[in-house]
Each structure stands twice: as C-alpha cells, then as structure tokens.
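Enquirer: Here is the input, now give the coordinates:
(chains A, B, C and D)
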There are 2 protein chains.
Amino acid sequence: MSSTDSTKKSTTSKSDAVYRALKRAILDQALAAGTKLPEDSIGERLGVSRTIVRQALARLNGEGLVELRAHKGACVAQPSLQDGRDIFAVRQALEALVVDTLAGRLTPQQVKQLEAHVDAEDAARAANSSHSIQLAGEFHVLLAHLTDNDMLARYVTELVSRSSLILSLYGRPHSSDCAVSEHREIIHALVKGDKKTACSLMSEHISAITTRALLKTDSGKDFPDLLAAYAKAEGL
Amino acid sequence: MSSTDSTKKSTTSKSDAVYRALKRAILDQALAAGTKLPEDSIGERLGVSRTIVRQALARLNGEGLVELRAHKGACVAQPSLQDGRDIFAVRQALEALVVDTLAGRLTPQQVKQLEAHVDAEDAARAANSSHSIQLAGEFHVLLAHLTDNDMLARYVTELVSRSSLILSLYGRPHSSDCAVSEHREIIHALVKGDKKTACSLMSEHISAITTRALLKTDSGKDFPDLLAAYAKAEGL
DNA sequence: GTATCCAATTTTGTATACAATATTGGATAC
DNA sequence: GTATCCAATATTGTATACAAAATTGGATAC
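Expert: All right, here's what the predicted structure looks like:
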C-alpha cells in the first residue's frame, strides 16, 4: 500500500521480531505442522510478554500459518489436502498475472537481479543446502514484487508461505524443489517478451510443483481418518 | 481452511464483535477514509478495553482496511489510486478463476441462491436503499464462496472490501454500482456452462467497475500533492 | 511578528494481574 | 477392571497499570 507498508502490524519491532522469528521457524520446519504454540513458553523463551506473542500469533493466523482454537491455544497450521489444491489453484491464477504483467517489461537491472537469484538457487542446490527450498519459493516472491503491484506481491508471498506448509505435510520427504532450469526458462521468455510462452511455462511449472507437493493420495488427510486406518489395522 | 475457519482471529466473540463493528462502519462509510481510530475512544464507546480494540485494529490492518503507523495510531485506510489499480487487476485474475471454476457446475440450489441475491439487488436498487452498493459487492463474494475454494473466497472477499474503500475515495459520488443486469448475464452464462462467455462477461464487468471506481484522473492522489495544488492556487 | 524551543498532555506500546475455560489426574462406584 | 465424576492444574481471554513516544500549546528570543 501507499503510506505505510501495511502487512506490517504495528510496532517498531518487538512484536514484529517475534512474528518473523515464528514465521521463519515454521517455514524452516523447525516447528512442524501441528506443533502447539503456548503463549507463555514462547514469550519466556524469546524474552517478551504474552501480549507480544499473542499479537504475533494472531498475525500468523491471519496469514494461515497458525491455527487458533478458542480457549485451546495456537498451533502450527495443518492445512488439508483440499486446502493445498485450493492454494495451488489460486497460485496458478495469480502467477499467471505476474508473468503477464512482466513479459517484455523487465529492466536490465531486474533481469540481473533475477539471474543472481537463480544462480544462488543453483549454488544452494549444489551445496545441498537446507535453504535451497526456501530460495526456490523466494524466486516466485521476487517475481511478484517486480510487478510493482503490492497487492499481487502480498498474496503471492502468502501463498508461497502456505505452500511450504503443504509441501512439508504432503510432499515427498526430500522432494526436489522447483527445478532451477524452469526458473531460467521463465526468465528467458519474460526477457524475450514472449507472453504466451512465459505464461504456459509458468503454468506448467506450477502444475509440476503442485504434483510434487500433493503426492499423497486422497486418503488419510484428516486426523480422524488417519486414526480410523490404525483402528482398522488393530481390529478396533 | 479445514479445521478452524481461519480469518477468525481468536476469541469467542468480543474481539470479533468489535472487528465486525468497525469493518461494517468502514464499509458503510460511517467512518470515512482517513478517520482517526483512537483505541481509547473506541473502547470506551463500545464498552471494551483497549486490548480488544487493538486486536480488532490489527486484524483490520491485515486486511488493508486500517492503516497503522507506529506511535501514531490507527486510521481508516486511504489506499492510493495505484493501490486501486493493483486491486482491480488482482480481482480480474481471481474472479476469472471463479467463473472458470463455476461454469457448468452450479447446482440448481446454487442457481436459486444467486437469483435470489440479484433479486434482492434489484429491490434495493429500486428502493434506492443505501445497501444496494453493499449487495452488489456481496454478489461477487457469494460467487467466490460457491467455488468451494476457501482461499479464493477469502481473497475475493478481501478485495471486494478494499474495493469499497477505493470507490468511496475515487468513484463518482453516487456512482451506480454493479449493473444488476450484468450479474444476471453472468449467471446465465454460468448455468449454460459457457466458460468463454462467462469469463469475458466477468472480465468486462470488472473493467466497468474499475472505470467507475477510478474515475478521478491521475493527479492529486497523495496528500502532499493535494496541498501543493492549493498552495499553488494561493501563490505559496 | 516570526521562529524556535521546551514542557504538559495525550496516545500508543508493553507488561502484569486477574478471571474464565479447558485439560488432566486421581478417586470412587459399579 | 472399567467407567464416571470431581478437583487440581495449566492455559487462554481480558482489563488495568505503567513506560515511552509524539503531538500540542505556550513562552521566550530575535
């Protein structure tokens, strides 16, 4: 947005710092999906009062990374498989708008920025670095920001975050993240100004991510169902 | 989302009630864009503590209806003209996904629901009711919800809300809201299962809304610019 | 008369204290 | 041995109290 960045809740830093710390922890899977997030412990651990933690949790809830059940506290969100499908469907639509907006309009500087990013992706991939997956997501975020459409960038950012959770829940354990080559191809098409190719490349790319992220079959997504399976195995 | 509705911050009702009250007030333009929202006064007026008001304001900030500047308090958001363009561009993409998802898949019950809604729109329009404009927005929200894609519905809802603010800032005073006939045409195409027609109808429809909402020319959108104009007139 | 600086007031930012609700563990009844 | 109920505990929901920052108003100097 114009005046203030929005999406920035309020404070100079304290609540914001906790928010970022928790978000990072969740996206890095240091806090696995479903992990309870008691206000007290977190506050104690981070050296802030519950008030601050609470604000951060509320904000994360707004972004779908944390679930809040009344009188039962917060936990890292466990989006359903259906949520995953929904999220990727929306990504498909929004990232199509991203490439449509960007095709043929990238400045040389922006191209350099993008290439630097995919280089970093390659390096991290080679080093088998843990944040290889993080960088892959950030490519999409960077692209969205280059559109100069704040709304679009915000939504794409949020969707990419949620995608991480989905991947951690339903993706193959060491699922190969976005193929860096696909990112390079998209950049190439954008530079050439080939809208059509860029769009279909992105579309296929996201389809590929979706497939990798939602590998698990339809069954056993809900907790009750999961238990039912075990129950059946034990003849209960 | 699956488990808890998300977008529902936390509490059984109190903070939620204040949130809804403020949101309603903003969307009804009872609180004009830019209006200061001091935590104390609001809390006193609504009979809750600042804590609650603060939570509600933070949530509204997350949805772009309220701006929060550090140590300077909250006020009703004043999205820029550029924000308006951004928002409608995203709406174009997402509502295209809505009609694409819905075309040929509406149940008879859903069709009835939609027709009842546009009937209500017509009635409100005839009565020159103030919530005619509100109903017009809710048509888009209803459509989005029918997709059964929670993520999509959430984003469209948020975008429609923000559109109200945009309209209040930059639209023609008594700007005719969505033409109800256009809504009917869209429903018709959806029922027929004519994806192509439905998509282009929606696209044109949103373009029409965009035009009405962003009538004002490029000049004078920012406060400083506005002052500059007055200053110039006075030879300052 | 204008501009600058300082103090008083107001409003936000944060922590803590209290109230209400949910969970857990054990005890009792069958 | 199992199930049910109740009390103790822990955690969330809310209000209030205190600290910090910004705005406002007036007073003083030029």
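Enquirer: Does A:Asn128 lie in a helix or a strand, and which?
Expert: Assessed by DSSP states H and E, A:Asn128 sits outside every helix and strand.
Enquirer: who's in contact with the residue sitting nearest the centre point of chain A?
Expert: Among the residues of chain A, the one closest to the centroid is A:Ser161, at 1.8 Å (CA atoms, centre = their mean). Going by CB atoms under 8 Å, 6 or more residues apart in numbering or on different chains, A:Ser161 touches A:23, A:27, A:63-65, A:137. For the C-beta atoms, the positions are set from N, CA and C on the backbone; glycine is no exception.
Enquirer: got the domain boundaries for chain A?
Expert: A:14-76, A:81-213 (automatic domain parsing).
Enquirer: Now mean pLDDT too, for those, in a markdown table please.
Expert: Listed next are the domains of chain A as a markdown table, based on pLDDT from 0 to 100:
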| stretch | mean pLDDT |
| --- | --- |
| domain A:14-76 | 95 |
| domain A:81-213 | 94 |
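Enquirer: mind listing what the residue of chain A found nearest DNA strand D touches?
Expert: Per CB to the nearest atom of the strand, A:Gly73 is where chain A lies closest to DNA strand D, at 2.9 Å. By CB under 8 Å, 6+ apart, the contact set of A:Gly73 is A:36-39.
Enquirer: about what we covered before: can you put the domains of chain A in a markdown table and add distance to B:Met151?
Expert: What follows is the domains of chain A, written out as a markdown table (distance: least, CB to CB, whole Å):
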| stretch | distance to B:Met151 |
| --- | --- |
| domain A:14-76 | 8 |
| domain A:81-213 | 4 |
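Enquirer: May I see those arranged in CSV, with distance to DNA strand C as well?
Expert: Output for the domains of chain A, formatted as CSV (distance: least, CB to the nearest atom of the strand, whole Å):
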stretch, distance to DNA strand C
domain A:14-76, 3
domain A:81-213, 21
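Enquirer: wait, which of those is closest to B:Gly104?
Expert: Judged by CB to CB, the one of the domains of chain A that comes nearest to B:Gly104 is domain A:81-213, at 16.9 Å.
Enquirer: Could you tell me the end-to-end distance of the closest one?
Expert: 10 Å (CA to CA, to the nearest Å).
Enquirer: swap in stretch A:60-80?
Expert: 17 Å.
Enquirer: That one: which residues count as buried?
Expert: By 16 or more other CB atoms under 10 Å in any protein chain shown, the buried positions in stretch A:60-80 come out as A:60-68, A:74-80.
Enquirer: before we move on, what about stretch A:23-40?
Expert: Quick answer for stretch A:23-40 (16+ other CB under 10 Å): A:23, A:25-27, A:29, A:31, A:33, A:37, A:39.
Enquirer: Please enumerate the helices of chain A.
Expert: For chain A, the helices defined by DSSP state H occupy A:14-27, A:39-46, A:50-62, A:81-102, A:108-126, A:132-146, A:150-170, A:180-192, A:195-213, A:223-233.
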